[in-house]
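Chemist: Have a look; sequence and predicted model below, questions after that.
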Amino acid sequence: MTPNRSPFSPVRHRDGGLRFDGYLLHRHPLSLWFGGKRVEVPRQSLELLDYLIACRERVATREELIARFWSAEHLGADQNLNTCVKRLRKALIEAGGSDLIETQSRVGYRFVGHPDASPAKRRGGQASLLLASFGIVGVAVGAVFLIGAPHEPGSPPREKTALAEVRVAVPPGRNLCDTTLFPMFIDGLTENLVADLQASSGGEVAFLKVGAGETSFRTPEAPYVLDLTVRQMPDRTIANLTLLSSDDGEVLWAQQMSEPTDLDNYLKTQERLSSRLAHAFSTRDS
């Protein structure tokens, strides 16, 4: 007898995002979103979810999962798997969605989610609007965009419409390391980055600092979010800057920068990273 198979067929977008039951799973970087808010899920639980989706038409056995994420010889691997699944389920439910992980007693687990009824609309126009305010060639010139039919030689100039100010929410940067070399480094980097970005935008984009607890940016005033993460080690500091749609967390642009860690004067490392990230953002390709 052929087992019942999940009708799930993930709605995959150009950036690699998968939509199911109101969730959006991004793979680059790996993150989960629901209702325009990022869902806090431990990294290993996210990797487990991604794997269960990939083999959704069958049950992933416990032995298979342990071998993939730990090892058969790993002490406590069985309990680690239980904890990993428990944390994933807890995150899915607390986000406001459903538990999409089905347990096959003494066998393993299976993903039972379904695709959204209709894919969310693309925000190409919004992304172009943001790019336009940085003067990207082919999208806009200065702070204007052109409307109407393509301009023909000898015809009257096309009308120009001024762009409204674009707003981008900037939450505090996040530390991805277990330890912190300089407790105020990320706060200072965020401050510098906002100032550098504001200067490079020419006043056409407003970068709005928001508090760490403010995770809902789904407002017309801030249709975008800039997410900053930092890993700092004694020899080097790595910063990732990601532009996201505040509507559903779609990744629109991302950049990684690395600088030697100046243990004698970390302000220099802050300044170099901030300047380079702001420059990369303001000169990125469309």
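Modeler: Yep, that arrived. Numbering: from 1, shown residues only.
Chemist: wait, what's in contact with residue 199?
Modeler: residue 278 (Cβ atoms under 8 Å, 6 or more residues apart in numbering). For the C-beta atoms, the positions are set from N, CA and C on the backbone; glycine is no exception.
Chemist: again with residue 269
Modeler: 185, 237, 259-262.
Chemist: Would you agree residue 78 falls within a strand?
Modeler: No. Counting by DSSP: H, G, I helix; E, B strand; the rest coil, residue 78 is not part of a strand but helix.
Chemist: and the residue lying closest to it once chain neighbours are set aside, which of the three is it?
Modeler: Leaving aside its chain neighbours, residue 78 sits nearest to residue 66 (6.8 Å; criterion: Cβ to Cβ, 6 or more residues apart in numbering). Three-state assignment for residue 66 (three-state DSSP): helix.
Chemist: Residue 66 and residue 284, how far apart?
Modeler: Plainly put, residue 66 is 42 Å away from residue 284 if you go by Cβ to Cβ, to the nearest Å.
Chemist: Compare these two and say which is more crowded by neighbours.
Modeler: residue 66 (18 against 15; other Cβ atoms under 10 Å).
Chemist: Show the pLDDT at residue 25.
Modeler: The score at residue 25 is 86. That number is its pLDDT.
Chemist: To what extent is it buried, counted in neighbours?
Modeler: Quick note: residue 25 (other Cβ under 10 Å) scores 23 neighbours.
Chemist: so what's it up against?
Modeler: Counted by Cβ under 8 Å, 6+ apart, residue 25 has contacts 17-19, 31-33, 46, 49-50, 53.
Chemist: Any of the residues you listed buried? List them.
Modeler: 17-19, 31-33, 46, 49, 53 (16 or more other Cβ atoms under 10 Å).
Chemist: Greatest separation within the residues you listed: which pair is it?
Modeler: 19 and 46 (15.7 Å; Cβ to Cβ).
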